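> Dropping a prediction and its sequence here:
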Amino acid sequence: MIYEGQLTDQNQGKFAIVVSRFNSAITERLLSGALASMKMVGVPKEQVDVCWVPGALEIPLMTQKLARSQKYTGIVTLGAVIKGDTDHYDLVINGVAQGVARVSLDEACPIVFGILTTDTLEQAQQRAGGKAGNKGGEVALSLLELCSLYQKI
């Protein structure tokens, strides 16, 4: 077995977090969770660059730019798309999901998807530090695990 759950020394490498400003009451909490999780496992804050973008649809483009710079070991994407009364939700979430997946494959860079997709604001709040935990922290740890595996292979 190549990977058994342990992280490599995270004092190596640089990481980026791309965060949507739209729904900032949620995304700021996701970012706090991500940064706290990275700190908890020994990633110094100097090794994490945070890049704010206007909305979720801008996340793939900025993620691609960061990946192409080859300065980052891995990238976390964070956002919150909350369903409204229109079809806009479906367009946004499909676009950002496909975009982030494409960037990860095209650029061969470990990237994790931390975009909340919820029906209500309350559901988003629960996933950003409420009863359901903080998905920002969870995806940050997933990125570190993915980077560890990626480096071993």
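Yep, it's here. Residues are numbered from 1 along each chain as shown.
> buried stuff in the longest helix seen in the chain?
Counting by DSSP state H, the longest helix found in the chain is helix 88-107. For helix 88-107, burial by neighbour count (16 or more other Cβ atoms under 10 Å) applies to Tyr89, Val92, Ile93, Val96, Ala97, Gly99, Val100, Val103, Ser104, Glu107. Using the backbone N, CA and C atoms, a C-beta is placed for each residue, glycine as well.
> any idea which of those is the one closest to Glu138?
Glu138 has its nearest neighbour among the buried residues of helix 88-107 in Val100, at 16.3 Å by Cβ to Cβ.
> and that closest one, what does it touch?
Ile59, Pro60, Thr63, Thr77, Ile111, Phe113, Ile115 (Cβ atoms under 8 Å, 6 or more residues apart in numbering).
> So what pairs up with the fifth one in the strands?
Each beta-bridge partner of Ile111 is listed here: Ile75, as defined by DSSP bridges.
> Quick check, it in contact with Gly74.
Yes - when contacts are counted by Cβ atoms under 8 Å, Ile111 is listed as touching Gly74 (6.8 Å).
> Find residues that contact each of those two.
Leu143.
> quick revisit: in strands, which of the contacts of Val100 appear?
Thr77, Ile111, Phe113, Ile115 (DSSP state E).
> I figured the first one was touching Ala16, is that so?
So the one you mean is Thr77. No - the criterion here is Cβ under 8 Å, and Thr77 misses it with Ala16 at 9.3 Å.
> Give me the more crowded residue out of the two.
The residue with more neighbours, out of Thr77 and Ala16, is Thr77; 28 against 24, by other Cβ atoms under 10 Å.
> check contacts around the more buried one.
Thr77 makes contact with Ile17, Val18, Ile59, Thr63, Val96, Val100, Ile111, Val112, Phe113, Gly114, Ile115 under the criterion Cβ under 8 Å, 6+ apart.
> Show me the two of these that sit farthest apart.
Maximum pairwise distance in the contacts of Thr77, criterion Cβ to Cβ, is 15.2 Å, between Ile17 and Val96.
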